[in-house]
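Asker: No letters, just coordinates:
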């Protein structure tokens, strides 16, 4: 049912070309769960047939992802923060917890935002704690763009290379996702190891 709805949305909005890609990526990157692969892999395939341009696909995907992420960011900052400050105690979220979150995203928000954009299921959600913690916006925009841009480029290239082979797409997408998750774990482990080493020297 959900797959059918997603496919209907793609087929309908794709009729609007690059604007359709932008709208779908805004949806994908905001609070509505929507898989980016069903948008960008077909778009990459269309580029391989000369019906679209890779640069425009990437630009619309990146811009759409950023707009969707900012929707979550501002929603969390303007609404979520106030709700948690007022009612958080009823769900065991104390003011001290918010203070810790603020300090965490001030120190490590860049790496968390970047890596979060590469993990399915977390990709959309990482903007919410960043907004609640009032992460510096220019840093949020920069690392959201880097992470979203990298993931978009991977999917577009995958669609461009083998977009007409559904079996290979599923196989490679699974492998890419596993590599991305493992890469994120290694990157985070290395990052926090370096941070601890620096802290021990101070």
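Answerer: That came through, no problem. What you are looking at is a predicted structure, and each value in this text was computed from that prediction instead of being measured.

Asker: okay, CA-based contacts and neighbour counts for the rest of this
Answerer: Noted.

Asker: now the longest helix seen in the chain: how far from the chain's centre is it?
Answerer: Using DSSP state H, we find that the single longest helix of the chain is helix 166-201. Its chain's C-alpha centre and that of helix 166-201 lie 15 Å apart, by C-alpha atoms, centre = their mean, to the nearest Å.

Asker: One more: stretch 106-114?
Answerer: 13 Å.

Asker: Could you list the buried residues of that stretch?
Answerer: 106, 109-114 (16 or more other C-alpha atoms under 10 Å).

Asker: The longest helix of the chain packs against which elements?
Answerer: Here helix 166-201 touches helix 137-162, going by 3 or more C-alpha pairs under 8 Å, 6 or more residues apart in numbering; DSSP states H and E.

Asker: what mean pLDDT does the helix it packs on have?
Answerer: Across helix 137-162, the average pLDDT comes to 92.

Asker: helices or strands up against that helix?
Answerer: For helix 137-162, the packing partners by 3+ C-alpha pairs under 8 Å, 6+ apart are helix 37-48, helix 54-75, helix 95-116, helix 166-201.

Asker: How about residues contacting whichever strand or helix holds residue 84?
Answerer: Per DSSP states H and E, residue 84 falls inside helix 81-87. Helix 81-87 has contacts (C-alpha atoms under 8 Å, 6 or more residues apart in numbering) with 93-95, 131-133.

Asker: hmm, try it at 7 Å
Answerer: Under the criterion C-alpha atoms under 7 Å, 6 or more residues apart in numbering, residues 95, 132 lie in contact with helix 81-87.

Asker: can you give me the mean pLDDT across that helix?
Answerer: 75.

Asker: For it, buried residues please.
Answerer: 81, 84.

Asker: same check, this time on stretch 132-139
Answerer: In stretch 132-139, counting by 16+ other C-alpha under 10 Å, buried: 132-135.

Asker: Could you work out the end-to-end span of it for me?
Answerer: 15 Å (C-alpha to C-alpha, to the nearest Å).

Asker: quick one: contacts of it?
Answerer: 76-77, 80-81, 101-102, 105-106, 109-110.

Asker: what do you get if the cut-off is 10 Å, keeping everything else the same?
Answerer: 70, 72-82, 84, 98-110, 113, 127-131, 140-141, 144-145 (C-alpha atoms under 10 Å, 6 or more residues apart in numbering).

Asker: and if you look at stretch 166-180?
Answerer: Outside stretch 166-180, the residues that reach it (C-alpha under 10 Å, 6+ apart) are 37, 41, 115, 118-120, 151, 154-155, 158-159, 161-163, 181-186.

Asker: Please list the members of the buried residues of stretch 132-139 that lie in helices.
Answerer: residue 132.

Asker: Of the buried residues of stretch 132-139, just say which sits nearest to residue 55.
Answerer: residue 135 (29.9 Å; C-alpha to C-alpha).

Asker: right, and the helices and strands packed on helix 137-162 - which one's nearest residue 28?
Answerer: helix 54-75 (7.2 Å).

Asker: Would you mind confirming that residue 26 is in contact with residue 148?
Answerer: No: Residue 26 lies out of contact with residue 148 (C-alpha atoms under 10 Å); the separation is 11.6 Å.
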